[in-house]
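S.K.: sequence-free structure coming up:
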């Protein structure tokens, strides 16, 4: 049962729904009752610039499921690549993208999801391979339309000594799931998985991650922060599994969210499963409102309440944005977040 198969075979019964434990908060089967027609083809030349314009030497466009589908980095090579995933209109589409970084290679992957106001159903599956002593920084800006449904599923395979750092920022959609699954080999490989969701109106975003440590001496660091208001819904599901024999694993996960209205909702499920000895693992989760004392202090200094709230929420999610290493992308991400917080 996969979203891609449901789209390809035009069989909505294959969509995941609330009876599927991992999808119970992001019910697609209950939302989409009949198969959609395939999405229309888009002329890439008709598209405007993406959010990372000017930063990448290569730009790959996947528009309504069509487009180039491989990103390769040779041994010792360094690349900055922009991957634009475009959804337009009311149809359904799916795509697959493979990313291979060979030994000693370096890749900055600037990934964007760009949707219009159509009622589309889009899925993209990414297969990401990071060879020994190679590194990827993946920065994702997800800007789907309010009526869109998007599923992004990334499977990451690390080699010993490799590094993978990810920051996902999303404004949600009618339904949206951004999922990352990582096989962690230990061997001093380093993993960072970060996320930010900024949701308003009736938008929904689901950030789901699964990391499996399979051998000794691996590190994982994860920090996700969210801000929800109006009738929006944020979902965080983070699971770290430390398999038998994966001793000396160091894994840490944190999820923290602000709820800014009575009708907004956050569902969080951080999990640790540990089957090894001599590990250092921890996770934390908090969901609450803005600090009243900090808000009062800001207003006492003459800052109007809307601006004070925006400043406090921007500082709250700033800890995640500041961890982006690629400076130009970090500034774009910071501006993207600030724009949504000040609406």
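M.R.: That came through fine. Predicted, not measured: the structure shown is a model, and the values here were computed from it.

S.K.: how about the helices in the stretch 1-150 of the chain?
M.R.: With DSSP state H, counting those that start in this stretch, the ranges of helices along the stretch 1-150 of the chain come out as 3-9.

S.K.: Can you check the pLDDT for residue 170?
M.R.: Confidence at residue 170, expressed as pLDDT, is 98.

S.K.: now it: how far from residue 236?
M.R.: Residue 170 is 12 Å from residue 236, where distance means Cβ to Cβ, to the nearest Å. From N, CA and C alone the C-beta is placed, and that goes for glycine too.

S.K.: joint contacts of the two?
M.R.: 195, 197, 207 (Cβ atoms under 8 Å, 6 or more residues apart in numbering).

S.K.: Return the subset of these lying in strands.
M.R.: 195, 197, 207 (DSSP state E).

S.K.: where do the strands sit along the stretch 101-250 of the chain?
M.R.: Taking DSSP state E, counting those that start in this stretch as the test, the strands found in the stretch 101-250 of the chain are 106-115, 121-130, 135-143, 149-158, 163-170, 175-184, 190-199, 204-213, 219-228, 233-242, 250-259.

S.K.: With respect to residue 76, which of these lies nearest?
M.R.: strand 106-115 (8.6 Å; Cβ to Cβ).

S.K.: gap between that closest one and the chain center?
M.R.: The chain centroid and the centroid of strand 106-115 are separated by 11 Å, computed with Cα atoms, centre = their mean, to the nearest Å.

S.K.: How about stretch 243-262?
M.R.: 15 Å.

S.K.: picking up where we left off before, could you dump the shared contacts of residue 170 and residue 236 into TSV with pLDDT added?
M.R.: Formatted as TSV, the shared contacts of residue 170 and residue 236 follow (pLDDT from 0 to 100):
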residue	pLDDT
195	98
197	98
207	98
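
S.K.: so which of these comes closest to residue 309?
M.R.: Distances from residue 309 to the shared contacts of residue 170 and residue 236, taken by Cβ to Cβ, are shortest for residue 197, at 17.2 Å.

S.K.: and residue 256, what does it touch?
M.R.: Residue 256 touches 224-226, 284-287, 316, counting by Cβ under 8 Å, 6+ apart.

S.K.: My reading is that residue 262 lies in a strand. Confirm?
M.R.: No - going by DSSP: H, G, I helix; E, B strand; the rest coil, the assignment for residue 262 is coil, not a strand.

S.K.: per-residue confidence for residue 52?
M.R.: 97.

S.K.: That one reaches residue 83, doesn't it?
M.R.: No - look at residue 52 against residue 83 with Cβ atoms under 8 Å: they stay out of range, at 9.4 Å.

S.K.: Thanks a lot, catch you later.
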